[in-house]
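In: Need coordinates for the following:
(chains A, B and C, ligands or ions: 2)
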Amino acid sequence: MAEETSVPERIVSRQVLAIPQRFSTGPVMGRFLRELRDHKRIMANKCPKCGRHQLPPREVCAVCHVEATGWEELPPEGAIRDFDVVYYASPDPLTGETRQVPYVLCWVDLDGTQGDAPLWHLLNVENLAEVRRGVRVRVVFADERHGTTEDIRHFEIIREEASPGAGTGAES
Amino acid sequence: MNDAFVIEGKMALPYQYFAGAVGSKFLVALRDEKQILGVRCSRCGMVFVPPRQSCERCFSALTEHWVRVESTGEVTGFTVVRYAEPYQPKKPPYVLALIKLDGADTPIAHLLECGDPGRARIGMRVRAVFAGERRANLLAIAHFEEDPAGTQEGHSPARL
Amino acid sequence: MSKNRNAAIIGSGMSEFSSHREDVNQPEMIHEAVIEALRDADIALEDVDCLLHGNMELFEMVHQPDMWHVLGDGARGKSGLRLTTGGTTGITLACAADNLVASGLHDVVLAIGFEKLQEGHTTGGITNMADPLWGRSLQTGALTGTGAQKVIDEFGEERAKLAAMKYRTIMDEHAMRNEKAHRRLRLERQYIKETADNSPPLVGELRMIHMCSQSDGACAVVFASEEKVRALGANPAWIVDHETVHREETMVFGSMLSTQRAAAERLFARAGIANPRGDIDVFEMYDPSAWWGVDWLRDFLLLEGDEHLKMIENDEIVLDGPFPVNPSGGVIASNPIGATALVRVAEAAMQVRGTAGAHQVSKPVRRALASGFGGTLWTVLMLLSKEKPERRVNTHG
Ligand SMILES: [Zn+2]
Ligand SMILES: [Zn+2]
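Out: Numbers count the residues shown, from 1 in each chain, chains lettered A, B, ... in the order given. Ligands and ions are numbered 1, 2, ... in the order given. Take a look at the predicted model:
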């Protein structure tokens, strides 16, 4: 072999690995996602022992370890419990494509929620200064729904002057 | 009532794998020189192809003992792939074989082209067919083919 | 907690931690740590009965990497297990090694944690651990600003931000004394505010400077029974006890369980530790960000109010201080994730064994604590001691 005179070449194999998947919802998440898809209803389940809601619902109460058998519809309105303004552009793992930033994620206590069960989703907001805890928001449902996270398009801030329901459905 | 249904998911992320100094030397020689390199363990006497940095048996460092092995060898095991998957190197049916190159002690896995897959057998003499356009991966060897004239006689790997 | 016999750490090794290791493939990188650990323990590969192997699933997208890694890790012909419990993987390996040795199943166990984060996408990989039925498309890996906001809400923006950056700067001062550390930035205390302001924001008040690094690296630790320790004449760091606490929620709200505090309460009660700050001499904490490092210090040490902030403000946690935290520089300095929690145990053991070199704390170390973090805010704690623990009979059924 010839004498190596320069820095030796380092071989790298670059690839995007993509795996198609199929997930069974099971009966509990299945009911939650069906109600969302078919009726735009947000259903939490309820622990018979401690009375707390779980949203999204789970088969068993995470605290009491008993079957969470109760169901209750929660309204698509509530107050921001906490939020994240995301500046870091990470890849969407469903597509491998990089997300647009900044965007806002929020955790919302829907009115009537028992316990710590805020609903998590995007907040559609132009002015980041408006994002504060306690701000009243409502769910904007997607027009086409398939029983996934994207059946909710995002939350939006409820404005006093706006008529109820304005801004839902149609793209702003 | 069972509310369960199925939703489609997907997982897609970028990855990059580094061959390292030892692997890179092997792949570059394959691509640029059509040469197959290995390493010899001076304690166990084993010649490993592809090369590795250390001996898995005695933990000796191996990278001082490079050798060049032949591009001919013998089938030590094989399987006929008959099912189709999107990620396969070629259309089934095809033969995947373990091939011990002359001068090596460990076999490599590669494609074996021998006409009818039913003709594949352990002990078959084969030779590497290099790809015309070669990249730094194992498919710089396009496949192995039968080498009926070939015999295995006293091949000792050339020291580098 | 009952043990058939005591187990101790008698050696450890680490590869160099770096953002890029193009010069080695995965088994070659692991080999560096294994060779160093065997040398440190002064044993040969033949002395090892069992190998434990762990890293993060999905991060490099190699299915069953332990098969490939036999090329470098020494597993050929030996008993072994692969463990993967998210960020806690490394310390779960240590707990499993303790269990295997203390039970009498094996005399010498080698635990190996590794990650080559450069080969995959860390945040993408973590995002794929989210529930695929709900929220995976919303997840941004392990990045959140809510941990920062919690401290700011409680102590005010100015004091909270200064404490986080003081903590960050102390970690860097420690990393400067650890030649294996990945990020060694030479941060200066007088420029704390400017350093934070100039650092790119990630999420909310969590900035790049606060966040753990993305590192390539491997760590290997040798565990041995008390009979082996005696036979080898080894310098041991004895394992007193360990505790794991899981939960399922991905965020901290209201009355939700603090796994840090719960693990500490249980472990300290069993070990008879009434005053953690006095009874423990050094703490290697899995601190994924400066904000969580600040916040969790209070929970791990069972403190109240602003005692944890005062510890930082008064320089108590520095390497030569009364309660050194992360003499190694911690996770913010080096984070090869599958190895990270094992590095905490290895570094705690080095402090007990007195082998930490330039980042050995100046006070004598009788007891050292190591923590792991992972999953949905899970905690694993391990307590090590210089003195051989007395074996106790199980008291809680
Ligand atoms: Zn309950
Ligand atoms: Zn050997």
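In: rest of the way, CA atoms for contacts and neighbours
Out: OK.
In: ok, and what's touching stretch B:144-160?
Out: A:1, B:65-70, B:72-73, B:102-104, B:110-114, B:124-129 (CA atoms under 8 Å, 6 or more residues apart in numbering or on different chains).
In: repeat that for 7 Å
Out: Residues outside stretch B:144-160 that contact it (CA atoms under 7 Å, 6 or more residues apart in numbering or on different chains): B:66-69, B:102-103, B:111-114, B:125-129.
In: Between these, which sits nearest ligand 1?
Out: Closest approach to ligand 1 among the contacts of stretch B:144-160 (CA to the ion): B:Leu111, at 58.2 Å.
In: partners of the strand ranked longest in chain A, with directions?
Out: For chain A, the strand that runs over the most residues, judged by DSSP state E, is strand A:12-24. If you go by DSSP bridges, strand A:12-24 pairs up with strand B:6-18 (antiparallel).
In: about what we covered before: moving C-terminal of the longest strand of chain A, what's the next helix or strand?
Out: As assigned by DSSP states H and E, the chain's next helix or strand after strand A:12-24 is helix A:26-39.
In: Briefly note if that following helix comes near chain C.
Out: No. Contact of helix A:26-39 with chain C is not found when judged by CA under 7 Å from any CA of the partner chain; the minimum separation is 7.7 Å.
In: packing partners for that helix?
Out: Packing partners of helix A:26-39 (3 or more CA pairs under 7 Å, 6 or more residues apart in numbering or on different chains; DSSP states H and E): strand A:42-46.
In: Assess the claim that C:Glu226 and C:Ala7 are in contact.
Out: Yes. Here C:Glu226 reaches C:Ala7: they are 5.8 Å apart, a contact under CA atoms under 7 Å.
In: more neighbours, the two?
Out: C:Ala7 (31 against 20; other CA atoms under 10 Å in any protein chain shown).
In: follow-up on the earlier one: how distant is the longest strand of chain A from the center of its chain?
Out: How far strand A:12-24 lies from its chain's middle: 23 Å, per CA atoms, centre = their mean, to the nearest Å.
In: Quick one: work out the angle between it and helix A:26-39.
Out: Strand A:12-24 runs at 90 degrees relative to helix A:26-39, counting by axes from the mean of the first three to the mean of the last three CA atoms, to 10 degrees.
In: shouldn't A:Gly147 be in contact with A:His39?
Out: No. The criterion here is CA under 7 Å, and A:Gly147 misses it with A:His39 at 10.9 Å.
In: Counting neighbours, go ahead and name the busier of these two.
Out: With neighbours defined as other CA under 10 Å, A:Gly147 and A:His39 compare such that A:Gly147 has more, 24 against 10.
In: Now do the contacts for the more buried one.
Out: A:Gly147 touches A:33-34, A:36-37, counting by CA under 7 Å, 6+ apart.
In: closest to chain B among the residues you listed?
Out: Chain B lies nearest to A:Arg34 out of those, by CA to the nearest CA, at 7.5 Å.
In: and residue 35, how many residues sit next to it?
Out: This is for chain A. A count of nearby residues for A:Glu35, using other CA under 10 Å, gives 17.
In: meant chain C actually
Out: Applying other CA under 10 Å, I find that C:Ile35 has 21 neighbouring residues.
In: what's the answer for C:Ser12, then?
Out: 30.
In: try A:Asp82
Out: Residues lying near A:Asp82 (other CA under 10 Å) number 22.
In: got it, and the one 3 residues further on?
Out: Neighbour count for A:Val85, taken as other CA under 10 Å: 23.
In: ok, and the closest non-adjacent residue to the residue in chain B that chain C sits nearest to?
Out: Nearest residue of chain B to chain C (CA to the nearest CA) works out as B:Gly20 at 3.8 Å. Computed as CA to CA, 6 or more residues apart in numbering or on different chains, the closest residue to B:Gly20 that is not its neighbour in sequence is C:Val24, at 3.8 Å.
In: ok, the one you found to C:Asn178 distance?
Out: Look at C:Val24 and C:Asn178: by CA to CA, to the nearest Å, they are 22 Å apart.
In: now swap in B:Ser71 and tell me
Out: For B:Ser71, the distance to C:Asn178 equals 48 Å [CA to CA].
In: what does C:Gln351 give?
Out: From C:Gln351 to C:Asn178 the distance is 13 Å (CA to CA).
In: the more surrounded of those two?
Out: Counted by other CA under 10 Å, C:Gln351 and C:Asn178 do not tie: C:Gln351 has more neighbours, with 32 against 20.
In: Let me know the pLDDT of the more buried one.
Out: Note for C:Gln351: predicted pLDDT of 98.
In: Which residues are in contact with it?
Out: C:Gln351 makes contact with C:360, C:365, according to CA under 7 Å, 6+ apart.
In: host element of it?
Out: Using DSSP H and E, C:Gln351 maps to helix C:337-353.
In: chain center to that helix, what's the gap?
Out: 6 Å.
In: do stretch C:155-162 as well
Out: In this view, stretch C:155-162 has its centroid 27 Å away from the chain centroid, taken as CA atoms, centre = their mean.
In: Now do the buried residues in that stretch.
Out: Within stretch C:155-162, the residues that count as buried by 16 or more other CA atoms under 10 Å in any protein chain shown are C:155, C:160-162.
In: Can you tell me who C:Arg207 pairs with across the strands?
Out: Taking DSSP bridges as the rule, C:Arg207 bridges to C:Pro201.
In: Surely it is in contact with C:Thr195?
Out: No. Look at C:Arg207 against C:Thr195 with CA under 7 Å: they stay out of range, at 10.2 Å.
In: How much space separates B:Pro148 from ligand 1?
Out: From B:Pro148 across to ligand 1, the span is 74 Å (CA to the ion, to the nearest Å).
In: Alongside ligand 2, which residues does chain B contribute?
Out: B:41, B:44, B:55, B:58 (CA under 5 Å from the ion).
In: of all these, which comes closest to A:Thr98?
Out: Using CA to CA, B:Cys55 is the member of the residues of chain B next to ligand 2 that lies nearest A:Thr98, at 41.7 Å.
In: show me what contacts the residue nearest the centre of chain A?
Out: The centroid of chain A falls nearest to A:His121 when counting by CA atoms, centre = their mean (3.5 Å). Shown in contact with A:His121 (CA under 7 Å, 6+ apart): A:105-107, A:154-155, C:138.
In: out of C:Arg207 and C:Thr195, which sits in the more crowded spot?
Out: Between C:Arg207 and C:Thr195, C:Arg207 has the larger neighbour count (other CA under 10 Å), namely 22 against 15.
In: Thanks a lot, see you next time.
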